[in-house]
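Trainee: compute the structure for the input listed below.
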Amino acid sequence: MATVKRAYIEDLNKRLTLSQKVFVRSRKGKATKIVQEHYLRTDIPCSSQLCPTCALNPPMDSSGTSRPFVLSSDPPSVKSFGPHYLVPDTNIYMKAMDLLEHFAAFYDVIVLQTALDELRNLSLPLYNRLRALTRSQEKRFYVFHNEFRQETFVQRLEGETINDQNDRAIRNACVWYSVHLQEAVAGTGKSAPTILLLSDDKDNIKKAKELGIVRATLETYVKELPQADTLLDMIVVEGDEDTSGANRYSYAEYYTTSRVQGGVKEGLLHQGILNINQYNFLEGNISVAGFERPLLILGRESINRAMHGDVVVIEVLPREQWKHPSTKIVEEETVSKNDNPEDDTQENVVTAQERRVLIEEARQAQHSSAEFRVQPTAKVVGIVKRNWRSYVGHIDASSVPSDAANARRQTSVFLIPMNKCIPKIRLRTRQAMNLLGKRVLAAVDSWEPTSRYPEGHFVRTLGDIESKDAETEALLLEYDVQYHQFTQTVLDCLPKEGHNWRVPADTSDSLWNGRRDLRELLVCSIDPPGCQDIDDALHARVLPNGNFEVGVHIADVSHFVKPDTAMDTEAASRGTTVYLVDKRIDMLPVLLGTDLCSLKPYVERFAFSAIWEMTPEAEIVNTSFTKSVIRSKEAFSYEQAQLRIDDKRMNDDLTQGMRILLRLSKILKQKRMDAGALNLASPEVKVQTESETSDPMEVGVKQLYETNSLVEEFMLLANISVAAKIYEAFPQSAMLRRHAPPPVTNFEVLADQLRVCKAMTLRSDNSRALADSLDDCVDPGEPFLNTLIRILATRCMLAAEYFCSGTMTYSDFGHYGLASPIYTHWTSPIRRYADVVAHRQLAAAISYETLHPSLRDKPKLQRICQNINQRHRNAQFAGRASIEYYVGQALKTREIDAEGYVMKVFSNGFIVFVPQFGVEGPIHLRDIGNPEPPCNFDEERYTLIFRKDTEEETRLQMFDRVLVRVETVVEESTGKRKVALRLKKPLIA
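Mentor: Model (predicted):
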């Protein structure tokens, strides 16, 4: 066999440099011949620590340092194959990435360039995950560039498909590795590890056998590993159901690609992102250009296997089928509680109970006279892009067979995701009983037309439900927060001096070039208590002409984080720092974030400064930007700064400067409000935790001070000033942030609710009209009502987003909420990557340095914007989920009566917001009485009237104040401990 292998390799040794003719068709239809040269080498190493041959000529990095070999001299061993290196083919990467990432197995893996390139074309997310594995020093995944090594390159044969060529290249690399390592260890007394081809492709396995290559299917290999039961559950099971049953119901097949493309082009079909209603899993909506209101997708058949966040293609239904949004709370766990995960042979897509819910909604719509409530309806006819990811949930105990504890076979169970917008997922597992009571991570593999539920596989357990570590990791995974430790490659980008790094004492040092010495200015920072990553500091002083000099000084992160470095790539990927109640997931390594970049008091720091000359009326005379060195004189919390400003005994220059800042900030704020800026609101609570254990102690509403507004106003001014400067310098590539005006129809329901329930008028013609009408929505008897209305108005808005200036016209740049024609983020580069980009562009705009080519690349900048927009939203969601978890834990053993406000009314319940804890939740009629009390729902008056037993009739309307009992329960549908509300009584003002 060795002779066959040697002959196979000698045939390839004849080639060194290859040329290929490539014909490229131009837009005008002409064909152009391009000759591409493919250079082959003999010095690409095997990277095995057993190989002395390759060690004689090790690869070098950019600094001339030899790179360590990756593959271990003592690789893992299993019974059938002994010590071995793994060579997976592309399909293994496609279907088993969760397995490859598992800590218990899959070490010393040879990642062939052929498979890596093929994976990139098939799935960029999986490619990025594999790339991350190749950077892991623990897993030992080595990328072997087989297509550039002389002995392992294969040329495509006549009539051979690309897939067959790739498989042949993988087999060829296995042969070379086997012979190479046997020759390398000859005479050393050591044995060469087995080169084990991992493939589920029958043809590939057959041809590998003919060549004498050691091979195994994924399942065969995994069965030999420790923790085999756990790992086998992670293998994607190919569908093999018999779908020929005559009584079997199925979802509609998706339209063909050609039909979808033609329909979208002709305007007959539309594309958008599906959003599932959190209070009704049978209702989704999609915002589509050309329609004033979102299109409703009603019922499981119309949703047609699409999941929350999927990019879908929809077909609008006839006008007579248009309906209004749901008036009922519908939870999947209630409707489909008795479904059997094993019985998928005769299941109908839509159950009888679901049909009754939809019929009831249709009847309700017929009695509605409000035309504005009716929305176009549509059905999903195709999927453009799946938003499938790993989902966190728990195993539905009722779906686990009673004999699961004794059976070693795989059984089907349901995973109920934490996110109520995601349907139940059917899993097959051998460890069903062991997974009960655990937080479980699972991935979706498929959703066949003949299955009511998506099929998935087990990935891993996170820990016990309600344990702090498991719940924290669960929310990080649920919101796709990158919480892994920084790799050594990233940490190598940090200054070698570590915490001993200092601003050079000698101002003639090259690091001072282009920097202003502002160390004598009375600069201070004002932040939340305990803040360590201090991005910004301020100063103000009186000028001889009676005007004021005001400065905003921002941490000079871009001095330490350079483009095209591992740290820059990691920061761009993370996008933002994520703040949880008990921890912070940093965008940058802690050495930078909390020390070298942080504008801590009493130490010199590099900064980027924006300085204005202002009149006493806060009119800007001139603006300048400069790199600088500052020495902050003090770090205040908002409360400490407020106390110092208010203390009349304090008249030192620093305090006087803070008073100047406060006075000017009030003028600046009034000018913004006069221009139409919105003063919106969102629930703001703080959780006090025990210092050592981080266990929650108390929950309260965040107290705001004038100093909060002081800092906000000058950060806004700095961001607006920088936006104008970088757009002037780089009109095609400036990193900006916009807030589009919401459609007027977004406010129709809220305006009608205020008119009917409070006799108030809400105008939304423009931001100024909205701001003025929000100011007028005041009830002297209900002080919190105005805040509640502002919270609801905020939810009618569109989300702000980052964008590259060259992708839009100037008229679309505006920030609706701030009433500013242009805006960016520049003031928080320690925690936001967008600010790092803005720093680099501003540095180039003031000629401090040249602009890196990547910051002129519109497509690349747009990709960065798309990522940080998503990361920013996810960080907000994760932060709120963390607060929700800790509020639940703080109230775990307590019951408290608190005031709340009705903020939405359904036909079978209502939603109450409790300001004291910043939480909102449903109160179902079924929870008020058993049996559920009869009710009268008046949709036109936003009123629900019901009677419990012999009690007097209860009448609840939108915005009513109520007394509720606040407690916590473990929610059956999600496994999360959540605040539960019980109605005590309405409160009449």
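
Trainee: residue 779 reaches residue 758, doesn't it?
Mentor: Yes: contact criterion Cβ atoms under 8 Å: residue 779 and residue 758 qualify, at 6.9 Å. Using the backbone N, CA and C atoms, a C-beta is placed for each residue, glycine as well.

Trainee: shared neighbours, the two?
Mentor: residue 785 (Cβ atoms under 8 Å, 6 or more residues apart in numbering).

Trainee: who has more neighbours, these two?
Mentor: residue 758 (17 against 14; other Cβ atoms under 10 Å).

Trainee: that one and residue 959 touch, don't they?
Mentor: Yes: here residue 758 reaches residue 959: they are 6.1 Å apart, a contact under Cβ under 8 Å.

Trainee: overlap in contacts of those two?
Mentor: Any residue near both residue 758 and residue 959 by Cβ under 8 Å, 6+ apart counts here, and that gives residue 785.

Trainee: give me the number of residues near residue 641?
Mentor: 26.

Trainee: so it makes contact with residue 657?
Mentor: No: if you go by Cβ under 8 Å, residue 641 and residue 657 don't touch, sitting 11.4 Å apart.

Trainee: and the next helix or strand past the lengthiest helix in the chain?
Mentor: Ordering each helix of the chain by length in residues (DSSP state H) puts helix 858-890 first. Remark: after helix 858-890, the chain's next helix or strand is strand 896-906, criterion DSSP states H and E.

Trainee: pull out the buried positions in that next one.
Mentor: Of the residues in strand 896-906, those with enough neighbours to count as buried (16 or more other Cβ atoms under 10 Å) are 898, 900-906.

Trainee: before we move on, back to that, next one: the longest helix of the chain to chain centre, how far?
Mentor: 5 Å (Cα atoms, centre = their mean, to the nearest Å).

Trainee: what of stretch 932-948?
Mentor: For stretch 932-948, the distance to the chain centre is 39 Å (Cα atoms, centre = their mean).

Trainee: what about the closest residue to residue 502 other than its chain neighbours, neighbour count?
Mentor: Sequence neighbours aside, residue 604 is the residue nearest to residue 502 in space, at 7.3 Å (criterion: Cβ to Cβ, 6 or more residues apart in numbering). Each residue near residue 604 was counted by other Cβ under 10 Å, and the total is 15.

Trainee: and for residue 721?
Mentor: Neighbour tally, residue 721, other Cβ under 10 Å: 21.

Trainee: relative to residue 100, how far out is it?
Mentor: Distance of residue 721 to residue 100, computed by Cβ to Cβ, to the nearest Å: 49 Å.

Trainee: what sits in contact with each of residue 641 and residue 657?
Mentor: residue 524.

Trainee: ok, residue 390 touching residue 456?
Mentor: No: counting by Cβ under 8 Å, residue 390 stays clear of residue 456, with 9.2 Å between them.

Trainee: who has more neighbours, the two?
Mentor: residue 456 (23 against 15).

Trainee: for the more buried one, give me its contacts.
Mentor: So residue 456 contacts 391, 415, 425-427, 442-445 (Cβ under 8 Å, 6+ apart).

Trainee: between these, which is nearest residue 289?
Mentor: Using Cβ to Cβ, residue 444 is the member of the contacts of residue 456 that sits closest to residue 289, with 29.1 Å.

Trainee: surely the closest one and residue 426 touch.
Mentor: No: the pair residue 444 / residue 426 is not scored as a contact, 9.8 Å apart, by Cβ under 8 Å.

Trainee: what touches both of the two?
Mentor: By Cβ under 8 Å, 6+ apart, the residues touching both residue 444 and residue 426 are 454-456.

Trainee: of these, closest to residue 96?
Mentor: Of the shared contacts of residue 444 and residue 426, the one sitting nearest to residue 96 (Cβ to Cβ) turns out to be residue 456, at 13.8 Å.

Trainee: assumed the closest one was part of a strand.
Mentor: Yes: assessed with DSSP: H, G, I helix; E, B strand; the rest coil, residue 456 lies in a strand.

Trainee: returning to what we had before: now the residue nearest to residue 502. Its backbone dihedrals?
Mentor: In terms of degrees, to the nearest 10, the main-chain angles of residue 604 are phi -80, psi 140.
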